[in-house]
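Enquirer: model the structure of this input:
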Amino acid sequence: MLEAVEITDVKDLVVFNDDFNTFEHVIHTLIRVCEHTQEQAEQCTWIIHHKGKCTVKTGAFDVLRPMREAICQEGIDAKIL
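Expert: Numbering: from 1, shown residues only. The predicted structure follows:
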């Protein structure tokens, strides 16, 4: 019996803290771009604020790239790692 194994390269979309963006702006951006719930976005924003960064989404590079671009267009620093 053969088993099909799909190998995917899972990446993290990480948002970084800054001294410019408000909590509200980051929260609304995560809700709109990453389809977070209000609670998820708030929790991620607090983690970003206190730890300096937070993984806001995981997945394939091709899925995360447009999200990263949209977040960065809002003036928020994000990277795919």
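Enquirer: quick one: contacts for residue 29?
Expert: 70, 71, 74, 76 (Cβ atoms under 8 Å, 6 or more residues apart in numbering). Heads up, the C-betas are built off the backbone N, CA and C, glycines and all.
Enquirer: at 10 Å instead, please
Expert: Each residue near residue 29 by Cβ atoms under 10 Å, 6 or more residues apart in numbering is listed here: 15, 21, 36, 41, 45, 56, 70-71, 73-76, 78.
Enquirer: restricted to strands, list those residues.
Expert: Per DSSP state E, strands hold the following members of the contacts of residue 29: 15, 56, 78.
Enquirer: nearest to residue 66 among those residues?
Expert: Proximity of the ones in strands among the contacts of residue 29 to residue 66 (Cβ to Cβ) peaks at residue 78, which lies at 11.6 Å.
Enquirer: and the nearest residue to that closest one once chain neighbours are set aside, how far from residue 19?
Expert: Residue nearest to residue 78 in three dimensions, not counting chain neighbours: residue 71, with 4.3 Å by Cβ to Cβ, 6 or more residues apart in numbering. As judged by Cβ to Cβ, to the nearest Å, residue 71 and residue 19 stand 17 Å apart.
Enquirer: try residue 62
Expert: 32 Å.
Enquirer: and what of residue 69?
Expert: Residue 69 is 23 Å from residue 19, where distance means Cβ to Cβ.
Enquirer: cool, residue 79 as well?
Expert: Distance of residue 79 to residue 19, given as Cβ to Cβ: 18 Å.
Enquirer: beta partners of residue 60?
Expert: residue 10 (DSSP bridges).
Enquirer: apologies, that question was intended for residue 55.
Expert: residue 14.
Enquirer: which ones are touching it?
Expert: Contacts of residue 55 by Cβ under 10 Å, 6+ apart are 11, 12, 13, 14, 15, 44, 47, 81.
Enquirer: OK, contacts around the last one?
Expert: Read it as residue 81. Neighbour list for residue 81: 11, 12, 13, 14, 53, 55, 64 [criterion: Cβ under 10 Å, 6+ apart].
Enquirer: and these, which of them are buried?
Expert: Among these, the ones that count as buried by 16 or more other Cβ atoms under 10 Å are 11, 13, 14, 53, 64.
Enquirer: please consider this matter closed, and thank you.
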